[in-house]
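> with the input below, show me the fold.
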Amino acid sequence: MKPFDVFPLFDVNIVKGNGCHIYDDKGNEYIDLYGGHAVISVGHAHPHFVKMVSEQLERLNFYSNSVHNPVQVEFAHRLGIASGYPDYDVFFVNSGAEANENALKLASFHNGRRKVISVRHAFHGRTTGAVRITDNPKIVAPINEAFEVEFVELNDIDALRKALRKKDACAFMMEGIQGVGGIQIPTDEFYKVAREECTASGTIMVLDEIQSGYGRTGRFFAHQRAGIKPDLITVAKGIACGIPMGALLISPEFKPIYGQLGSTFGGNPLACAAGIAVLDIFEKEHCIENASIVGAHMLQRLSSLVGKHGIIDVRGEGLMIGIEFDKPIKDLRTRYIFEQHVFTGASGTSVLRLLPPLTLPQEIADEAIDRLLNIL
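Numbering: from 1, shown residues only. Below you'll find the predicted structure:
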């Protein structure tokens with residue numbers, strides 16, 4: 001038996017990480033500007049993170065949600081304060097897709113509807129409901145087509161109003177910033193109109209902040225730039241820095257009904273200890289502020305390259321950055337890894353996607369950009 005291939009694999013075996021660097025089995029060091037799909041929020045092998053997880057593992061790594069879990073209670077309290085949503089409840093799960101599935105379910109329970117309005121070129125996961133509202137026919141199997149979805153273009157205010165004023169959708173879901181879609185940023189007006197129209201139509205507004213949240217944009221959540229509050233917020237990736245975890249933040253208008261939601265492993269003590277460790281490091285090392293400062297510096301340097309070397313656009317917020325080229329970047333990305341020892345992600349065929357740890361120092365960011373210029 002072997003692992004089922006889900007991605008084309010680079011011919012490199014990563015065996016160790018430290019801070020913003022990773023190392024292969026030959027001892028080569030790489031700058032990590034991808035953080036394993038935006039997961040490594042506080043850097044690799046942070047001493048406080050390792051200590052917290054190890055100590056919890058020695059005490060109790062798991063028991064079911066049928067008993068009191070003080071680590072979960074502490075994490076929920078800390079998350080509410082850090083995120084700016086202390087009055088919301090939180091339902092802990094294991095991944096972003098699971099968080100999105102439960103958001104859709106909770107919205108449909110709430111208003112009895114079964115249609116979803118989603119945004120073109122978004123990505124919400126690979127489970128049944130998440131795939132259905134992801135605008136990518138390649139990953140939608142016939143069994144996924146279980147409910148109606150209407151897609152609107154990002155930042156198309158008229159289309160958004162028209163869709164929501166039908167008053168037939170249980171939920172409107174959007175990403176704080178589209179990641180897989182190429183680092184596409186909603187305007188403040190789009191956010192605000194969505195909030196107004198959802199309220200007027202009885203539609204639940206769901207913000208998928210799985211990639212764009214948890215401090216990545218220089219705010220805890222990307223949508224906070226626009227000053228709106230969604231009904232439901234989904235998070236994952238950086239929440240526990242590599243320990244599988246996701247969460248659904250739930251506004252006070254939703255009242256729990258036993259049996260509607262559940263997750264065997266969700267909110268287990270080990271994952272919650274990891275989540276607390278991440279928030280500790282956020283607070284002590286000012287990670288969100290660092291994402292804002294270092295991200296702005298990187299965007300400034302990279303934006304100066306627009307119109308040169310085939311770069312046609314640079315966009316992003318904080319440490320969520322896309323560099324768009326006028327041709328496919330597959331070879332460029334491969335050379336960046338193997339010749340310059342810098343890992344990045346990609347969006348589509350022509351966008352380099354940068355999602356480094358939020359602890360990234362400016363000098364390492366500059367070194368990574370210098371190495372990109374060595375290729376260009």
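
> show me where the stretch 1-150 of the chain has helices.
35-38, 47-59, 70-83, 96-111, 128-132 (DSSP state H, counting those that start in this stretch).

> could the ones you listed go into JSON lines alongside mean pLDDT and distance to residue 14?
Backbone N, C-alpha and C define where each C-beta goes, glycine included. JSON lines is the format used below for the helices of the stretch 1-150 of the chain (pLDDT from 0 to 100; distance: least, Cβ to Cβ, whole Å):
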{"stretch": "helix 35-38", "mean pLDDT": "94", "distance to residue 14": "9"}
{"stretch": "helix 47-59", "mean pLDDT": "98", "distance to residue 14": "18"}
{"stretch": "helix 70-83", "mean pLDDT": "98", "distance to residue 14": "29"}
{"stretch": "helix 96-111", "mean pLDDT": "97", "distance to residue 14": "22"}
{"stretch": "helix 128-132", "mean pLDDT": "93", "distance to residue 14": "27"}
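
> which one of those lies closest to residue 313?
Closest to residue 313 of the helices of the stretch 1-150 of the chain is helix 35-38 (Cβ to Cβ; 20.4 Å).

> what is the closest one packed up against?
Contact here means 3 or more Cβ pairs under 8 Å, 6 or more residues apart in numbering; DSSP states H and E; on that basis helix 35-38 packs against no helix or strand.

> now do 10 Å
Counting contacts by 3 or more Cβ pairs under 10 Å, 6 or more residues apart in numbering; DSSP states H and E, helix 35-38 packs against strand 14-18, strand 345-347, strand 351-354.

> residue contacts, residue 222?
Counting by Cβ atoms under 10 Å, 6 or more residues apart in numbering, residue 222 makes contact with 175-177, 185-186, 191, 207, 209, 211-214, 216, 317-318, 320.

> tell me the most buried of the helices and strands packed on helix 35-38?
Across these, the average number of neighbours (mean count of other Cβ atoms under 10 Å) peaks for strand 351-354, which reaches a mean of 26.

> so what strands line up beside it?
Using DSSP bridges, the strands paired with strand 351-354 in its sheet are strand 320-325 (antiparallel), strand 345-347 (antiparallel).

> as a markdown table, those strands with distance to residue 308 and mean pLDDT would be great.
Formatted as a markdown table, the strands paired with strand 351-354 follow (distance: least, Cβ to Cβ, whole Å; pLDDT from 0 to 100):
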| stretch | distance to residue 308 | mean pLDDT |
| --- | --- | --- |
| strand 320-325 | 11 | 98 |
| strand 345-347 | 20 | 95 |
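
> nearest to residue 374, of these?
strand 320-325 (15.0 Å).

> closest one to residue 36 out of the contacts of residue 222, please.
residue 211 (12.0 Å).

> how about TSV for the helices and strands packed on helix 35-38, with distance to residue 82 added?
Formatted as TSV, the helices and strands packed on helix 35-38 follow (distance: least, Cβ to Cβ, whole Å):
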stretch	distance to residue 82
strand 14-18	24
strand 345-347	26
strand 351-354	24
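
> which one, of these, ends up nearest to residue 125?
Ranking the helices and strands packed on helix 35-38 by proximity to residue 125 (Cβ to Cβ) places strand 345-347 first, at 16.1 Å.

> got a list of contacts for the closest one?
Here strand 345-347 makes contact (Cβ under 10 Å, 6+ apart) with 33-38, 121, 123, 178-184, 322-324, 328-330, 332-333, 351-355.

> so what's the gap between it and the chain middle?
Offset of strand 345-347 from its chain centre (Cα atoms, centre = their mean, to the nearest Å): 14 Å.

> ok, back up a step: of the contacts of residue 222, which belong to helices?
Among the contacts of residue 222, the members falling in helices (DSSP state H) are residue 191.

> go through the contacts of residue 222 and name the one nearest residue 68.
Nearest to residue 68 among those, with distances taken as Cβ to Cβ, is residue 214, at 26.4 Å.

> can you tell me the closest non-neighbouring residue to the closest one?
residue 238 (4.1 Å; Cβ to Cβ, 6 or more residues apart in numbering).

> wait, isn't the one you found in contact with residue 213?
Yes - judged on Cβ atoms under 10 Å, residue 238 makes contact with residue 213 at a distance of 7.9 Å.

> all strands for the stretch 101-250 of the chain, in order.
Secondary structure of the stretch 101-250 of the chain, counting by DSSP state E, counting those that start in this stretch: strands at 115-119, 148-152, 169-175, 204-208, 232-235, 246-250.

> in terms of secondary structure, what does the first one contact?
Spelled out, it's strand 115-119. By 3+ Cβ pairs under 10 Å, 6+ apart, strand 115-119 packs against helix 96-111, helix 128-132, strand 148-152, helix 157-164, strand 169-175, helix 188-201, strand 204-208.

> excluding its backbone neighbours, what's nearest residue 359?
Nearest to residue 359 is residue 43, by Cβ to Cβ, 6+ apart, at 4.4 Å.

> who's in contact with the one you found?
By Cβ under 10 Å, 6+ apart, residue 43 lies in contact with 17-21, 32, 35, 49, 241, 281, 285, 287, 356-360.

> of those residues, grab the buried ones for PyMOL.
Selection of buried members from those for PyMOL, criterion 16 or more other Cβ atoms under 10 Å:
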select buried, resi 17+19+20+21+32+35+49+241+281+285+287+356+357+358+359+360
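
> what's the offset of stretch 359-369 from the middle of its chain?
In terms of Cα atoms, centre = their mean, the centre of stretch 359-369 is found 21 Å from the chain centre.
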